[in-house]
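*Asks:* no letters, just coordinates:
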């Protein structure tokens, strides 16, 4: 006898939870898919947040580099504008302050911010100056550069023609200094010069004095 083969029904091959009416099976399949979607949603959210953080970090870095580059470029541009020479022709030549061009003005009291200083009109000139100090107990007050903290009553030039000679007076506490210089033209380097410093101590002295009566008047006053 031939055996009859039966076709598998709609419920064959289904899981136990999916067996039953078609509507129940569809609901079970949908619930399983929903659980899978719910499990994958947090991972996608974390990935999107990490991407957003990376994009923001790269954007901040790019903006910072752009700001630094702009600042450096602007600073160089300003420096170039300050240091760039005017295209007009020079009023004085490059060697106009040399000893051959102006021998009488090559040496002078050109040192700034010092009480007394001599130098030449040259970028590599030797310099000379004046320095003194008050040595007190636990305190050494050195005088060289003009400082407001020195507390000098006054100082300045009394005579100066700008070329050949000058006389200066410096009034300090307890002493006064007088500086004098004079120049003599000649030679290939603007001539030569000499200077002199005179120091006068100013100490208060008290000389007591009294008038005594003569001997005769003293005797008369004593006899009375």
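*Replies:* Good, I have the coordinates. These numbers come from a predicted model, not from an experiment.

*Asks:* tell me how many other residues crowd residue 147.
*Replies:* If you count neighbours by other Cβ atoms under 10 Å, residue 147 ends up with 12. Bear in mind the C-beta positions are built from the backbone N, C-alpha and C, glycine included.

*Asks:* now the one 5 residues further on
*Replies:* By other Cβ under 10 Å, the residues close to residue 152 number 14.

*Asks:* roughly how far does residue 76 sit from residue 69?
*Replies:* Noted for residue 76: a distance of 11 Å to residue 69, by Cβ to Cβ, to the nearest Å.

*Asks:* oh, that last question was meant for residue 143, not what I typed.
*Replies:* When Cβ to Cβ is the yardstick, residue 143 and residue 69 sit 49 Å from each other.

*Asks:* end-to-end on stretch 159-166?
*Replies:* End-to-end distance for stretch 159-166: 5 Å, by Cα to Cα, to the nearest Å.

*Asks:* can you list contacts of that stretch?
*Replies:* Contacts to stretch 159-166, defined as Cβ atoms under 8 Å, 6 or more residues apart in numbering, come from residues 104, 105, 108, 109, 157, 167, 168, 179, 180, 181, 182, 183.

*Asks:* per-domain residue ranges of the protein.
*Replies:* Residue ranges for the domains of the chain, per automatic domain parsing: 43-73, 103-201.

*Asks:* and those domains, which one is worst for confidence?
*Replies:* Among these, domain 43-73 has the lowest mean pLDDT, at a mean of 84.

*Asks:* helices of the chain, start to end?
*Replies:* For the chain, the helices defined by DSSP state H cover 22-83, 215-223.

*Asks:* pLDDT (mean, whole number) over the shortest one?
*Replies:* Which is helix 215-223. 53.
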